[in-house]
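Q: Sharing a model prediction with you, sequence too.
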Amino acid sequence: MKFEEMRKIWNEQDQQHEYKIDSKQLYEHIQHKKNKASLFVSKMEWILIGANVIAGGSLLVMNLMERAAEKYPIVVGLAMLAAAIYIYTRRLYRLKHENRFDRTMLGDLDHAISNATYRARLSYGMLIYFVFIALLVIGNAFYVEKSLWKLILIAGFFAIALFLGRWEYKSWHLADKQRLKAMREKLVEQV
Amino acid sequence: MTESEQQRVFKSWLHAHKGLLFKIVRAYATTAEDQDDLFQEVALQVWRSVPNFRGESAVTTWLYRIALNTSLRWKSREDKTTIKLRELDDTTLVFQSEQNPNDDRVAWLYREINQLNEIDRSLCLMLLDDFSYKEMAEILGISESNVAVKIHRLKKYLVEQSKTETTHEI
């Protein structure tokens, strides 16, 4: 069959098909999905900022109010506030650069890759930050608790959380980015 | 733009171009449920895009770009998720197409398109829908010469495939 024949068959579909759309239901679905979907990254940022400010701020206030303030909780509190500021500045940078992509499929893919990279970096950054917090908490527990089984319990909890965080980073954020990059390569390859 | 204006434009685009959108949807999703799911996703992106449309390109080009890109992303997500969890309230289909069951040639074309990789599939759809190389290059964001190379290979592949199928009488 020649290609022109294929095109003819393709165009004949329009006369042969009848398309029915349930407009009311479609609009309801659109509203539902619109409210649910797109704000994922933004929500992730605000949750991290909020959690760090509340937890870090509380630690600092409680410890600074005591006469014999302990150094570990203060360091943890400061680290949490620093993390909140860092996430906020990254968010501002992300929003500023949202509209720099072309209105083409390549531009859309670049935009998606940029978002996936951002999510992956945020997730990886949080893993490093988590290790730092875990070390401080375990260090503090070592001096305060002096109990081996409690230390093992705390370390075990952090190890599980770290394992799950790493799994999320690799199988979700990183995999997403790699899939998009592979698609981009297919689009721009010359052969 | 007010929401009612957005809704009016969206409805008119959908009414005028539902056939075009469905052809893209059918090329990326095979079962009726998947087609419905993808159609809803495409419709959502089209609805969102209405305020950004400045008339710099034809509506068909605009819709094609959105539908193709949404389908590519949807397909990539679907491939990743083998078990699909549909929402409980998604039991009735929003979109239905009644096709001529005797048209084996159209079915054959869709089968062939479905076997192409996502990028070639997009190109093939635009080629069958008579887009020029320039328009394809604009939609995809690659050079016309790159489009030409890919199209040449694609046409050759489809013609070869049709020869094999002809021996089995489509």
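A: Alright, I've got the coordinates.
Q: now the helices: where do they sit in the chain?
A: In the absence of a named chain, this looks at chain A. Using DSSP state H, the helices of chain A run over residues A:3-16, A:23-36, A:40-65, A:71-96, A:105-144, A:148-168, A:175-188.
Q: not quite, I wanted chain B
A: Here chain B has its helices, by DSSP H, at B:3-28, B:32-49, B:59-80, B:104-115, B:118-128, B:133-140, B:144-167.
Q: Taking helix B:59-80 as reference, get the angle to the first one.
A: Meaning helix B:3-28. Counting by axes from the mean of the first three to the mean of the last three Cα atoms, to 10 degrees, helix B:3-28 lies at 60 degrees to helix B:59-80.
Q: So is helix B:3-28 next to chain A?
A: Yes - using Cβ under 8 Å from any Cβ of the partner chain, helix B:3-28 reaches chain A at B:7, B:11, B:14, B:18-19, B:22-23. In short, each C-beta sits where N, CA and C put it, glycine included.
Q: Smallest gap between chain B and chain A, at which residue?
A: Chain A sits closest to B:Gly141 of chain B, with a gap of 2.9 Å, by Cβ to the nearest Cβ.
Q: any idea of the pLDDT on A:Glu5?
A: pLDDT, A:Glu5: 86.
Q: Quick one: neighbours of it, just the number.
A: Neighbourhood size, A:Glu5 [other Cβ atoms under 10 Å in any protein chain shown]: 12.
Q: Can you pull the poorly scored residue ranges out of chain A?
A: Residues of chain A that meet the criterion pLDDT under 70 lie in A:14-19, A:31-39, A:67-69, A:145-146, A:190-191.
Q: So which residue is smack in the middle of it?
A: A:Arg119 (3.8 Å; Cα atoms, centre = their mean).
Q: how much space between that residue and chain B?
A: 15 Å (Cβ to the nearest Cβ, to the nearest Å).
Q: With the flanking residues excluded, which residue is spatially nearest to that residue?
A: Spatially, and ignoring its direct neighbours in sequence, A:Arg119 is nearest to A:His173 (4.8 Å; Cβ to Cβ, 6 or more residues apart in numbering or on different chains).
Q: I figured that neighbour hits A:Ala116, correct?
A: Yes - counting by Cβ atoms under 8 Å, A:His173 does reach A:Ala116; the two are 6.6 Å apart.
Q: ok, the residue nearest to the centre of chain A - contacts?
A: A:41, A:44, A:173, A:176-177 (Cβ atoms under 8 Å, 6 or more residues apart in numbering or on different chains).
Q: Buried ones only from those residues, please, as a ChimeraX command.
A: Buried members of those, defined by 16 or more other Cβ atoms under 10 Å in any protein chain shown, are picked up in ChimeraX with:
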select /A:44,173,176,177
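Q: for the residue of chain B closest to chain A, phi and psi?
A: phi 80, psi 20 (degrees, to the nearest 10).
Q: ok, it touching A:Asp102?
A: Yes - applying Cβ under 8 Å, one finds B:Gly141 in contact with A:Asp102, separated by 5.5 Å.
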